[in-house]
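> Provide a 3D model corresponding to the input given below.
(2 chains)
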Amino acid sequence: MGIVHGDEMVLNIGPQHPSTHGVLRLKVHTDGEIVSKITPYIGYLHRCFEKHCENLTYEQVIPFTDRCDYISSMNNNFGYVVTVEELMDIHVSEKVEHIRVIMAELNRIASHLLALGTFGMDVGAFTPFLYMFRDRENILDLFEMTCGARLLYNYMWIGGLSHDLPVGFVEKTYEFLDYFEPKIKENDDLLMYNKIFIERTADVGVLPPEVAISYGVTGPNLRGSGVQWDLRKDEQYSIYDRFDFEIPVGTGQMGTVGDCWDRYWVRTQEMKESIGIVRQALKQLPTEGDVQELVPKKIRPPKGSIYKRTESPRGDLGFYIISDGKPTPVRVKLRSPAFTALSALSAIAEGWMISDVIAILGSLDIVLGEIDR
Amino acid sequence: MIHEQVLKCLREKFPGSIVETEEMPADFIPIYQKNWAEIAAFLRDDPDLRFDSLQCITGVDLGEEGMDVRYNFHSMTHLHKIEIRISVDSENPKIPSIEQIWRVGDWFEREVYDMYGIIFDGHRDLRRILLPDDWEGWPLRKDYETQETFHGIVVPKVKEEWE
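Residues are numbered from 1 along each chain as shown, chains lettered A, B, ... in the order given. So this is what the prediction gives:
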């Protein structure tokens, strides 16, 4: 970008601002329109998750994980229960594993739809947002049908699930997938290949892979930078090894590898892969079995500690849990993927214009609930 | 396997850096904080180890046993991982910063500082991250006591009052 020598101005974006995706304040130093320094201020949504966990039993922590990344609660539940189960050496039944994968992947689609829609809105495209929310609604209906909740599910329990699948769920899900698959292309034509959108996002906010790794950026943001890294394949958990799916990585189709457009593109491709996984899981889904069969009466993991990561829609979601053999954990630490992605913002957005910073922030897909915990 | 390899490398390059006990733990490596910044740089740069990704920094207050800072590393090149633990003194918690080695350490260390009051020596911008700047005390320490008032607002301590 060109260098303009004017007076420096300090601009506050947020805490209440539609493009900050929550309650986030960015202190932006500008030189004309060009941003020279960004300092994010977080913590407005801090709800003492880790402090609360000191006084909760292991099963009581699950609803709290819902509220961390409230856009993809299923994935947060999944990450937490998988970690505790590994600590306790519980192996859940085939049926439970399949249902968990179905829910996690459906939630991934819902989360990406929200991410893409709001990203479009950040760069001035309002209509695709409504289309994507319409489709996301169908997924929420499926979740509501299953566990009664539309946003915060508390669905996955340690050793099982809160409810079995309701009658008609499989058919409804197939119906949704058949409906939704062509819609991805429709949305892509509407937004992703739109000339204005490409102009706003291609070559903007390039995140080089080595910077991304140093900043701990993971998930679609890292894959957008061309790094093939997905915990579902690379650090296999649950039953993801049984499904056939690809890991899309950014190739710089419209500009440079790792630009905002690539991050958008990776999410659209991931939705297609998730649809494939859900279809395969539905096909193999065992019908018999009690989903609460292995839920322990008393949850007291043996003494020890564990760090485990799972692939949430935003990246590596890690839980560090320390147990001393009592019903309450000594320490639960949540390693949030959005936290690290936001920490990289100043590295990639400095030198761009204010409107580009908004686009870059949108492309990182942050959820403040998870950053602040 | 990687665990033994790291142990061997550290014993060779940095003698006396590992907390040697009779039965060495199998899933983590306890080290002294003395040369931590150099050891960290070695872990990242050594071609056989190449821990290029700092996954997580967890602070832990173990009560009478002092405090721990636990680092989880991962190598995107070799796909292996390791956990390093460093004990810090509760009275004078200080530890070398690795913020300039892995940039993600910046915010992780600020978070540990925010919650435990552990000073990361050499961190260029060590201030609270999640809590307000004028917060008193270190909330995740075991001896933390909720403050009486915050900006003139009385903090209710009896659960029934706010439930």
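> In terms of helices and strands, where is residue B:21?
Under the criterion DSSP states H and E, no helix or strand holds residue B:21.
> what's the closest non-adjacent residue to it?
Computed as Cβ to Cβ, 6 or more residues apart in numbering or on different chains, the closest residue to residue B:21 that is not its neighbour in sequence is residue B:30, at 7.7 Å. Where you see a C-beta, it was placed from the backbone N, CA and C, and this is true even at glycine.
> and that neighbour, which of the three is it?
What DSSP: H, G, I helix; E, B strand; the rest coil gives for residue B:30 is strand.
> Ok, residue A:297 next?
coil.
> Need the pLDDT of it.
pLDDT recorded at residue A:297 is 83.
> ok, it to residue A:273 distance?
38 Å (Cβ to Cβ, to the nearest Å).
> Kindly report the same for residue B:60.
In terms of Cβ to Cβ, residue B:60 sits 37 Å off from residue A:273.
> cool, and residue A:266?
Taking Cβ to Cβ, one finds residue A:266 at 10 Å from residue A:273.
> what do the two both touch?
Applying Cβ atoms under 8 Å, 6 or more residues apart in numbering or on different chains, one finds that residue A:266 and residue A:273 are jointly contacted by residue A:248.
> Who has more neighbours out of those two?
residue A:266 (23 against 20; other Cβ atoms under 10 Å in any protein chain shown).
> I'd assumed residue A:249 was in contact with that one.
Yes. Using Cβ atoms under 8 Å, residue A:266 makes contact with residue A:249 at a distance of 6.9 Å.
> hey, what's in contact with both of those two?
The contact lists of residue A:266 and residue A:249 share A:223-224, where a contact means Cβ under 8 Å, 6+ apart.
> Share the number of residues neighbouring the closest residue to residue B:53 other than its chain neighbours, please.
Nearest residue to residue B:53, sequence neighbours excluded (Cβ to Cβ, 6+ apart): residue B:74, at 4.5 Å. Using other Cβ under 10 Å, residue B:74 has 24 other residues around it.
> What's opposite residue B:74 in the beta bridge?
In this entry, residue B:74 is beta-bridged to residue B:53, residue B:81, by DSSP bridges.
> May I have the predicted confidence score for it?
On the pLDDT scale, residue B:74 gets 88.
> Just want the residue of chain A that's nearest chain B.
For chain A, the nearest residue to chain B under the criterion Cβ to the nearest Cβ is residue A:216, separated by 3.3 Å.
> Residue A:340 is in contact with that residue, correct?
Yes. The pair residue A:216 / residue A:340 is scored as a contact, 3.8 Å apart, by Cβ under 8 Å.
> what sits in contact with each of those two?
residue B:104.
> Against residue A:327, how distant is the residue nearest to residue B:21?
Taken as Cβ to Cβ, the span from residue B:30 to residue A:327 is 28 Å.
> Looking at these two now, which is surrounded by more residues?
residue B:30 (17 against 14).
> quick one, what contacts residue A:66?
Counted by Cβ under 8 Å, 6+ apart, residue A:66 has contacts A:73, A:76-77, A:152-154.
> near chain A, which residues of chain B show up?
Within chain B, the positions adjacent to chain A are B:52-56, B:58, B:60, B:70, B:72, B:76, B:79, B:83, B:102-104, B:106-107, B:115, B:128-132, B:139-140 by Cβ under 8 Å from any Cβ of the partner chain.
> how about 7 Å then?
Within chain B, the positions adjacent to chain A are B:52-56, B:58, B:60, B:72, B:76, B:79, B:83, B:102-104, B:106-107, B:129-131, B:139-140 by Cβ under 7 Å from any Cβ of the partner chain.
> Now a ChimeraX select for only the buried ones of those residues.
Entered in ChimeraX, the line below selects the buried ones among the residues of chain B next to chain A, by 16 or more other Cβ atoms under 10 Å in any protein chain shown:
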select /B:52,53,54,55,56,58,60,72,76,83,102,103,104,106,107,129,130,131,139,140
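> Out of the residues of chain B next to chain A, list just those in strands.
Judged by DSSP state E, the subset of the residues of chain B next to chain A located in strands is B:53-56, B:58, B:60, B:72, B:83.
> any idea which of these is the one closest to residue A:42?
Taking Cβ to Cβ as the measure, residue A:42 lies nearest residue B:56 of these, at 17.4 Å.
> residues contacting that closest one?
Residues in contact with residue B:56 (Cβ atoms under 7 Å, 6 or more residues apart in numbering or on different chains) are A:307, A:318, A:320, A:333, A:335, B:72.
> Reformat these as a markdown table; add secondary structure and distance to residue B:91.
Below are the contacts of residue B:56 laid out as a markdown table (DSSP: H, G, I helix; E, B strand; the rest coil; distance: Cβ to Cβ, whole Å):
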| residue | secondary structure | distance to residue B:91 |
| --- | --- | --- |
| A:307 | strand | 28 |
| A:318 | strand | 30 |
| A:320 | strand | 25 |
| A:333 | strand | 23 |
| A:335 | strand | 28 |
| B:72 | strand | 27 |
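> wait, residue B:18 sits on residue B:9?
No. Proximity of residue B:18 to residue B:9 does not meet the contact threshold set by Cβ atoms under 7 Å, at 10.5 Å.
> Give me the contacts around stretch B:141-157.
By Cβ under 7 Å, 6+ apart, stretch B:141-157 touches B:61, B:63, B:116, B:136-138, B:162.
> right, and out of those residues, which lies closest to chain A?
residue B:61 (8.2 Å).
> model confidence over the one helix or strand residue A:29 maps to, on average?
Using DSSP H and E, residue A:29 sits within strand A:25-31. The pLDDT scores in strand A:25-31 average 88.
> now the angle from the helix or strand following it to strand A:25-31?
Downstream of strand A:25-31, the first helix or strand assigned by DSSP H and E is strand A:34-41. With axes from the mean of the first three to the mean of the last three Cα atoms, to 10 degrees as the basis, strand A:34-41 and strand A:25-31 are set at 160 degrees to each other.
> Please point out which parts of strand A:34-41 sit buried.
Those buried within strand A:34-41 under the rule 16+ other Cβ under 10 Å are A:34-35, A:38, A:40.
> any chance of these in JSON lines, plus pLDDT and distance to residue A:135?
Formatted as JSON lines, the buried residues of strand A:34-41 follow (pLDDT from 0 to 100; distance: Cβ to Cβ, whole Å):
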{"residue": "A:34", "pLDDT": "86", "distance to residue A:135": "37"}
{"residue": "A:35", "pLDDT": "89", "distance to residue A:135": "34"}
{"residue": "A:38", "pLDDT": "90", "distance to residue A:135": "33"}
{"residue": "A:40", "pLDDT": "90", "distance to residue A:135": "31"}
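> Assign a three-state SS to residue B:87, would you?
strand.
> any idea how far it is from residue B:64?
Distance of residue B:87 to residue B:64, given as Cβ to Cβ: 12 Å.
> Which of these two has more residues huddled nearby?
More neighbours surround residue B:87 than the other of residue B:87 and residue B:64, with 19 against 6 (other Cβ under 10 Å).
> contacting residues around residue B:7?
With Cβ under 7 Å, 6+ apart, residue B:7 has these contacts: B:18, B:29.
> buried stuff in whatever helix or strand it lives in?
Using DSSP H and E, residue B:7 maps to helix B:2-13. By neighbour count on 16+ other Cβ under 10 Å, the buried set for helix B:2-13 is B:3, B:6, B:9-10.
> Which pair of the contacts of residue B:56 spans the longest distance?
Maximum distance among those (Cβ to Cβ): 9.9 Å, for A:333 and B:72.
> Let me have the contacts of residue A:66 in JSON lines, extended by pLDDT, distance to chain B and neighbour count.
Shown next, in JSON lines, are the contacts of residue A:66 (pLDDT from 0 to 100; distance: Cβ to the nearest Cβ, whole Å; neighbours: other Cβ atoms under 10 Å in any protein chain shown):
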{"residue": "A:73", "pLDDT": "90", "distance to chain B": "21", "neighbour count": "29"}
{"residue": "A:76", "pLDDT": "91", "distance to chain B": "16", "neighbour count": "31"}
{"residue": "A:77", "pLDDT": "91", "distance to chain B": "19", "neighbour count": "27"}
{"residue": "A:152", "pLDDT": "89", "distance to chain B": "20", "neighbour count": "16"}
{"residue": "A:153", "pLDDT": "89", "distance to chain B": "24", "neighbour count": "23"}
{"residue": "A:154", "pLDDT": "88", "distance to chain B": "20", "neighbour count": "18"}
